[in-house]
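Student: Okay, predicted coordinates and the sequence, questions at the end:
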Amino acid sequence: LPFYGSHGFGEIREAGKRPRIDTIYYELKQWELNADSGQRFGSANLSGSIYVAHFLPEVVQDIPDEIVYAALDVLNNDSLVQFVSLGEGLKQSWSRPVDFSPRFSSLQHRWHYLCDVDSVQTAFSVHQSLFPAAGLPNPKPDPMCMVLVDKEGRLRGFYNPLLAKDAKRLKEDIAHLNREYAYNFRTHRFYKFDDKLERNTRNP
């Protein structure tokens, strides 16, 4: 999958290895908002997880049906992916996932409602970081679309919830991203790429 946002080049240092020059990809800065549980929740909680994020401005009174369908599809399709709704102080008026459908009963713990009430950061500032000034797809994605974020907080895709083809592509891209991690693609950090595979002699 492509990496969005501005790219740079710099020295990569890893323990026990010589420094190397490699591509530096755009990564979301650390952020933290208030969850509907009243607890702080942010990038630290999502570290190591693939997630889909979207933003709702203050004028939107509830989660649009298109987002609900997309959330159900994504959460049902992958048992590890997270879904994040960012809103401007409207958490009390938003319907809970199980209000939409009882099918969310086993999934709602992975759908996070976050807002900026009593928070140092704002949902809008987090939303802005999902749409950096440079390095976005052409044509530029709608600011109300869904964004796919990988385990390191990098932007990997943009999807219009109004388009069935984008909803399908989102699931395909999540599966593709999981394969990247499974095969230790060099574009991901924290893997020891020099380790040799050990063959099980009983099951060659």
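Tutor: Okay, I see it.
Student: what bridges to the closest residue to residue 123 other than its chain neighbours?
Tutor: When the adjacent residues along the chain are set aside, residue 123 lies closest to residue 86, with 4.2 Å between them (C-beta to C-beta, 6 or more residues apart in numbering). All C-beta atoms are positioned from the backbone trio N, CA, C, and that covers glycine. Residue 86 forms beta bridges with residue 55, residue 114, as assigned by DSSP bridges.
Student: count of neighbours near residue 86?
Tutor: Here the number of neighbours of residue 86 (other C-beta atoms under 10 Å) works out to 23.
Student: and it, what does it touch?
Tutor: Neighbour list for residue 86: 33, 53, 54, 55, 56, 114, 115, 123, 126, 127 [criterion: C-beta atoms under 8 Å, 6 or more residues apart in numbering].
Student: my read: the fourth one touches residue 144, true?
Tutor: Yes - taking C-beta atoms under 8 Å as the definition, residue 55 is a contact partner of residue 144 at 6.8 Å.
Student: Please settle this for me: is residue 124 part of a helix?
Tutor: Yes - per DSSP: H, G, I helix; E, B strand; the rest coil, residue 124 lies within a helix segment.
Student: residues contacting it?
Tutor: Per C-beta under 8 Å, 6+ apart, neighbours of residue 124: 55, 57, 88, 116.
Student: Give me the subset of these that lies in strands.
Tutor: Members of those lying in strands (criterion: DSSP state E): residue 55.
Student: Out of the contacts of residue 124, name the two that are farthest from one another.
Tutor: With C-beta to C-beta as the measure, no two of the contacts of residue 124 lie farther apart than 57 and 116, at 12.0 Å.
Student: So for the two, which residues contact both of them?
Tutor: Between them, residue 57 and residue 116 share these contacting residues under C-beta under 8 Å, 6+ apart: 88, 124.
Student: of the two, who's got more company?
Tutor: residue 116 (19 against 14).
Student: I'd like to know how far the more buried one sits from residue 79.
Tutor: Going from residue 116 to residue 79 by C-beta to C-beta, to the nearest Å gives 30 Å.
Student: by contact count, what packs against the helix ranked longest in the chain?
Tutor: In the chain, with assignment by DSSP state H, the single longest helix is helix 164-182. Applying 3 or more C-beta pairs under 8 Å, 6 or more residues apart in numbering; DSSP states H and E, we find helix 164-182 packed against helix 65-77, strand 146-149, strand 155-159.
Student: Between helix 65-77 and that helix, find me the angle.
Tutor: 30 degrees (axes from the mean of the first three to the mean of the last three C-alpha atoms, to 10 degrees).
Student: Any idea how many residues pack against residue 177?
Tutor: 22.
Student: OK, contacts around it?
Tutor: Residues in contact with residue 177 (C-beta under 8 Å, 6+ apart) are 1, 50, 148, 150, 156.
Student: how about these in TSV, adding neighbour count and distance to residue 136?
Tutor: As requested, those are exported to TSV (neighbours: other C-beta atoms under 10 Å; distance: C-beta to C-beta, whole Å):
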residue	neighbour count	distance to residue 136
1	18	14
50	20	20
148	23	13
150	22	16
156	19	12
